[in-house]
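Asker: Would you be able to build a 3D model of this:
(4 chains, ligands or ions: 4)
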Amino acid sequence: MERPNRRVFTETLLTLAKNDRRIIALASDSRGSATLNEFAAELPEQFVEVGIAEQNLVGIAAGMAKCGKIPFACSPACFLSMRSVEQIKTDVAYSGANVRLIGISGGVSYGALGSTHHSLQDLAVMQAIPGITVILPADNRETAMLTRQLVDYPGPVYMRLGRETAPRVYADDFQPEIGKGTLLLPGDDLTIVATGELVRSALDAGYLLRQAGIAGRVVALNTLKPLDTEIILTAARETGALLTVEEHSIYGGVGSRVAQLLGECCPVPLTIAGFPDEPLVTGNQEELFRHYALDAAGLAEKAKGLLRRKQATRR
Amino acid sequence: MERPNRRVFTETLLTLAKNDRRIIALASDSRGSATLNEFAAELPEQFVEVGIAEQNLVGIAAGMAKCGKIPFACSPACFLSMRSVEQIKTDVAYSGANVRLIGISGGVSYGALGSTHHSLQDLAVMQAIPGITVILPADNRETAMLTRQLVDYPGPVYMRLGRETAPRVYADDFQPEIGKGTLLLPGDDLTIVATGELVRSALDAGYLLRQAGIAGRVVALNTLKPLDTEIILTAARETGALLTVEEHSIYGGVGSRVAQLLGECCPVPLTIAGFPDEPLVTGNQEELFRHYALDAAGLAEKAKGLLRRKQATRR
Amino acid sequence: MPWELARNAILRKKTAKGWCGLKEDKMALSELAQKALATRREVLRLIYRAGAGHIGGALSAVDLLVVLFYDVLNYRPEEPDWPLRDRFILSKGHSCEGYYAILADRGFFPREELASFMKYQGKLMGHPHPKVPGVEIATGSLGHGLSVATGMALAGKRDHLPYRVYCLLGDGELAEGSVWEAAMAAAHYGLDNLVCLIDCNGLQISGPTRQVMNTQPLAAKWEAFGWEVREIDGHDLQQIKQNLDQIPFTIGRPSLVIARTVKGKGISFMENDYHWHHKVPNSEEYARALKELEGVGPGEIGA
Amino acid sequence: MPWELARNAILRKKTAKGWCGLKEDKMALSELAQKALATRREVLRLIYRAGAGHIGGALSAVDLLVVLFYDVLNYRPEEPDWPLRDRFILSKGHSCEGYYAILADRGFFPREELASFMKYQGKLMGHPHPKVPGVEIATGSLGHGLSVATGMALAGKRDHLPYRVYCLLGDGELAEGSVWEAAMAAAHYGLDNLVCLIDCNGLQISGPTRQVMNTQPLAAKWEAFGWEVREIDGHDLQQIKQNLDQIPFTIGRPSLVIARTVKGKGISFMENDYHWHHKVPNSEEYARALKELEGVGPGEIGA
Ligand SMILES: Cc1ncc(C[n+]2csc(CCOP(=O)(O)OP(=O)(O)O)c2C)c(N)n1
Ligand SMILES: Cc1ncc(C[n+]2csc(CCOP(=O)(O)OP(=O)(O)O)c2C)c(N)n1
Ligand SMILES: [Mg+2]
Ligand SMILES: [Mg+2]
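Answerer: Ligands and ions are numbered 1, 2, ... in the order given. This is a model prediction of the structure:
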C-alpha cells in the first residue's frame, strides 16, 4: 500500500538511526507533519526539538554537523526554504556543513491553507545557492532508497517530500541513484521531464498520449542539482521537444534549469508546466493540480500543444 | 561626474520625500551603505531605523504601506533578499503591500567581504514570488528616473543597486520606463542582453565585437519582471543567438528567464554569463568581474564562442 | 507628547459614539458571553464542514476576539479601509475560524461566505488574507504579525492619528525570533498605541510549550524588552474588557496582555489536549461538542 | 548530571596540561597584555594594508580574544579538527582581523598568510570562513553564530564530551531575532557548556546602539531568557580571565558575559567614535595610531 513519502522517510531514518548514532533528527514543532513522533520517543538522544524557530533549526543543525553529526532538519518546506534560507546559504552551504534539509509537505501539499504554506520558490533559491544537492523523490521506494543514500552523501542536501500519499512509480527492483535520471517510457515524438511526486502524473500523461497515437517519452529526475544533463540532452536530440513538469513556480525551478541547458547545448521547443506567476485559487492539492493543468489530462494537453509547435517549426 | 547609483537613489528620494509625506525611508543600521544620513537628518519624521533586524524591517514596511505610506526599505541586498525573504513573500507580495525593497550594494559589490555579503540568489527568489516587480537600473540617470517612477508604481518592487560608481550608459535625453528594454547598439550577428550595472560592460563588449568585425546587438533590460518579451524575441528572431549578462548566479536569474522565453517561443543558441555555481575566489568587484569573464573583454570572448556555435548549427 | 495623548483620548471617545460603524451601543457582558458561545459553535461548524482547520487555538482565542470586536475596536464594516479604524492582526493566523465568524457577524462580508471556508475557489482560506474584508494582512506563517502591527502603530504615531493596533500571538509562536525584533522596536519607538495579546494556552502542535520549547517566563521577557505587562484570565470577559479599557497601561510604552487560556476551551474533551491543535472532530464528536456549546439567545451566530 | 560535570572538570584539567596543543604554560597577565598590544598593532596593519576592514569592533574585541586564545580555550593548532577542542565562534564576523592575527600567532596557519587579507585570490576574506584553519563556521551575517554554537554545545552534551563552546556577539547584533531563538533554546537545553560573550561597546555602524535600536537592558533580557549573567570590564584581562575560569556560572544554565568595552580601544582618536566602525586610516592616521600602540616585548605579533 502506498503511503506519504514523508512517512516512508521517517521510518527509514529511524531504522538507520538505530544503528548510527551520528544521525540526528531535528524538528521545529514539526514532529507531526514530519511524522517524527516515533523517532522522538524511541531515540530521544538523537532527536532535537527547537520549537517554532526555523532559523535556529538550521543553525543548530549546522553546528551539530560540524561536530560530526549527520543532522536531518525536518520542517515544512515553505518555512524551511524561506524563513531560514539565509542560514542555509551561510551556515550550511557556504560553510560546507553536512546538513540534510528535509522540506516536508512541499509544493502545494497544504493546499487550502494558502500561499504562506506553499513552497513554490524553494527550488529556485536552493538551485541558485552553490553547494546544495536538491533532491525530489517520486514514490515510496525511491524515498526510502534515497534516504539511505543520504546518510553518507557528501555535502549539504535539500530534499523535498510531499504530504499526501505518493502513488507508486517504480518496480520493486528499481535502484535509484542521486543525480541519475530515469527513462520511464520510451518514445520519440517528444519528452516529458518530470520531478518529484508529479512523476506519476507525467507517466500517466505519457500513457494518455499513447492512446492518442503520440509516442511521448517520459523521463524522471530525482535530482535537480546536480542535473543529469545526459538524459535530457539525449531526449532533446532524439525527440526534439521537451515538456518539463514540476510542483513549483514556472520560474527558477526545473523548467528554467532545463531551458538553460537546452539553450546552451541543444535549442528545441520547450513547454514549462508549473504554477503560474500569480496568486493561486483556494483548493486542496488535487484541485490545484487540476485547476492548473498539472494532472495527467492537463499535462497530456500541454504535450499535444508542444508537439504541434514542434511540427510547425519543422515545417 | 558619475557616482554610485545608491547615492543617486537616495538624493532623488530625499527630493521626492520633501514634497510627499507618504514617502518613508527605512534602514536596518544600513544608513551608511544606503547613504541615508542626510535623509535621516532632514526628514526625521519620514525616516525609520529598525537596527540590525532585516525581518522586522520588511514587516514594519508592510505595516506602514497598509496605512498609506510608501515605504522604501533600504538594506544590503544580500540580507534584504535572504534574511527577510519570507516576510517579502508573505507580508509584502502575498498581502499586496506597496513596499519598495531597495537592495543596496547588490551582486558582488562587497567583493572581498565574501559570500555572506554577496547577493547572487536575489533575482532567482524574487522572480519566483508572484507579484514583485524586479528592477535593476544601469546608470545614474536611469536610477534617478526609475526612482521617481517608483513612487506611484502599483504593487511591491525590488530594486537592486550597486555600491561602486556606475559608469554612464545613457544620454541626457533618455527616458527609461519600468518594464521596457532598450536597444543600445544595433547588429544582426547576435545579441547581448544585459541587466543592471553590467550593461556598461556589455555595451563595451559590443564595441569590442565591432572592432573584430562582428555586428553584436546590445539590449539593456532595466526590469526582469515583468519582462520585455518583445525586445528579446525580436532579437532572437533577427540575430539568432543571445548572450545574457547578469551579476547573479547562472541559475534562476536573467539568463534562465530568457532561456525559458526562448524555449517556449523561439529556440536559438544561448549563452548565460553570470557567476558559476561554486564558491567565488576572494577579490573586489572588478577583480571578480575579470576573474569570471564578466568584464567587456570576457563578454566579447563569450560572444565570439556563441557566434561560432550559431554558425555551426546553421551549417 | 501628553497633549497628543489627551487629544487622542477625546478623538477616540467621539469615534466610539459618532464615527464608529457599530450600530448598537456597547454590549452587556451577558451579550458578549452569548456571542462567545455562538462564535465557538461557528468555529466547530466551519471546521467540521471543511474537514480541516485548527480548532484548539481557535477556541482558546474566542473570548479575546469577542471582547475586541464587540467592545473595544473602532471600525466600520461598510468601510473596511476607514483610515481611522483600529487595526487588528491575527498573528496566529491558523486561528482564523473564530475571526471569520465574527467578521461575518459584524457585517464585513455576507454570512453565506462562511460556507466557502477552505473550499475550491472559495474566498476564505485556511489562513487570513487581506482580500477578505476586515483582514489587514496575510498571516499564517507565525512570527510576522507583530512586525506588521509595529509598522501600523508607527505610521499612526507619525501621522498623529488616534487609532490603535492590536495583535494576537500564540505562546508557542514566541519562539520565533522575529517576534522579539518587533518587541524591541515597538518599545524603542514608545508605541503606546500598540497592544499585543498572548493567547497563553500552554500548548502548541507537538505538546506543552514548556516541553517543546519553553517560552516562559513571559512577563519577565516582555518587561525586559520594555513593555508594560498585565496578566489576565483570557476567558473572563469582564477582566479582558477592563484591562483593554486601560490601554495604554503606561504612557510611552507598548502594552502586553498575557491571557491565560485553555486550548480547546468550551469543549470538554478538547480542553488542554494538544492533539486537538488541528484534529478534526468526527460526526459523533461533532454532535457531542455541539451539545456542550448549546445555549440560546439573541447573540447566536450563524444559527 | 553532576557526575558528568565532575568528570568534565577532571578531563578539562588534563586537557589543559597534557592533551592541549599549547606549547607554553598559561601566560602571566603581563604577557597577555603584550599579546593584546601586538594584536592591536596587527589589526591596524591588516586594515591599513588592505584598505578595508572593520577596525572599531576589531579593537574592542581584542582583549576578550586574547584571554580566550592564550589562556582559556583548549585546542591543537596542528590538529584544528581535534574532536575535544573547545569551539570558538566569532558571531560578529566583521571583527576578523584580530582573530586572524591570533590564529596565525598560535600557529593555525603561517603568518605570511596574513598578507593575503582581502587580496585577490587570497585565503583570508573580510569575514571568517572554515577554509581558514581554526575557523569553525562562516560568519559575517550577524545573528547566526549563537545558533551554530548552540548546536555544537548540544552535540557535546549528547556525546558526553567535555569541550565548551564560546561565542562572541556584538551589542548591535542583539537586535537580530535569531539571537533570541538561540538564547531560548540554549537555556531550554540547559547548555552549561556554552558561553556567550557580548562585546558591549555601545556603538554600531550608524551610531550609539541606544539610539539606533536600543538592545538594553542586556542583563534583564538574558536572565529572562534563562541565562546566568555576569557583567565585566572587557578590557581588564584579569577580570576576563577570572570570570572565564568560573564557567559554568551556574550548573545547568548557559553563561553570559556582558563585556563593557570601548569601540576602537587603544587608539585614542578612534575610541568611542562610531565613524571608525569601518573607516580606514590614511597614512598620517596610521602612523599616529601605530605610535599609540607602540610597546616592546616578547609577545609582539608579526613585528
Ligand atoms: C513560521 C511557522 N512555523 C510553523 C508553523 C506551523 N504551525 C502552525 S500552528 C503551530 C503551533 C502554534 O502554537 P501556538 O503559537 O502556541 O498557537 P496556539 O496554541 O494558540 O494554537 C505551528 C508550529 C507556522 N504556521 N508558521
Ligand atoms: C545580518 C546582517 N545585517 C547587517 C550587517 C552589516 N553590519 C556589519 S557590522 C554591523 C554593526 C554591528 O554592530 P555591533 O554588533 O554592535 O558590532 P561592533 O560594534 O562590535 O562592531 C552591521 C549592521 C551584517 N553584517 N549582517
Ligand atoms: Mg499555544
Ligand atoms: Mg557594538
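Asker: residue boundaries of the helices in the chain?
Answerer: With no chain named, the answer covers chain A. A:5-18, A:37-42, A:54-65, A:77-80, A:85-87, A:122-128, A:140-150, A:199-211, A:229-239, A:254-265, A:285-291, A:296-314 (DSSP state H).
Asker: Correction: the question concerned chain C.
Answerer: Applying DSSP H to chain C gives helices spanning C:2-14, C:29-50, C:55-67, C:96-105, C:145-158, C:177-188, C:209-213, C:218-224, C:237-244, C:283-292.
Asker: right, so of these, which gets closest to ligand 2?
Answerer: Of all the helices of chain C, it is helix C:177-188 that lies closest to ligand 2, at 11.5 Å by C-beta to the nearest ligand atom. Backbone N, C-alpha and C define where each C-beta goes, glycine included.
Asker: Let me know whether that closest one sits next to chain D.
Answerer: Yes: Helix C:177-188 is in contact with chain D by C-beta under 8 Å from any C-beta of the partner chain, via C:G177, C:S178, C:V179, C:W180, C:E181, C:M184, C:A185, C:A187, C:H188.
Asker: Between helix B:54-65 and that helix, find me the angle.
Answerer: Per axes from the mean of the first three to the mean of the last three C-alpha atoms, to 10 degrees, the angle that helix C:177-188 makes with helix B:54-65 is 60 degrees.
Asker: Geometric centre of the chain: which residue is closest?
Answerer: Reading this off chain A. A:L136 (2.5 Å; C-alpha atoms, centre = their mean).
Asker: wait, chain C
Answerer: By C-alpha atoms, centre = their mean, chain C has its centre lying nearest to C:L65, at 4.3 Å.
Asker: out of everything not next to it in sequence, what's closest to it?
Answerer: Closest residue to C:L65 apart from its sequence neighbours, by C-beta to C-beta, 6 or more residues apart in numbering or on different chains: C:G98 at 5.3 Å.
Asker: The one you found: neighbouring residues, count only.
Answerer: As a burial measure, C:G98 scores 28 neighbours (other C-beta atoms under 10 Å in any protein chain shown).
Asker: same question, A:S201
Answerer: For A:S201, the neighbour count with other C-beta under 10 Å is 23.
Asker: so what's it up against?
Answerer: For A:S201, the contact set (C-beta atoms under 8 Å, 6 or more residues apart in numbering or on different chains) comprises A:A194, A:V245, A:F289, A:L294, A:D295, A:A296, A:L299.
Asker: that older thread, let me know which of the helices of chain A is tucked in deepest.
Answerer: Most buried of the helices of chain A, by mean neighbour count (mean count of other C-beta atoms under 10 Å in any protein chain shown): helix A:54-65, with a mean of 33.
Asker: can you tell me how far C:F69 sits from ligand 3?
Answerer: For C:F69, the distance to ligand 3 equals 21 Å [C-beta to the ion, to the nearest Å].
Asker: An error on my part: the question was meant for A:S109.
Answerer: Distance of A:S109 to ligand 3, given as C-beta to the ion: 24 Å.
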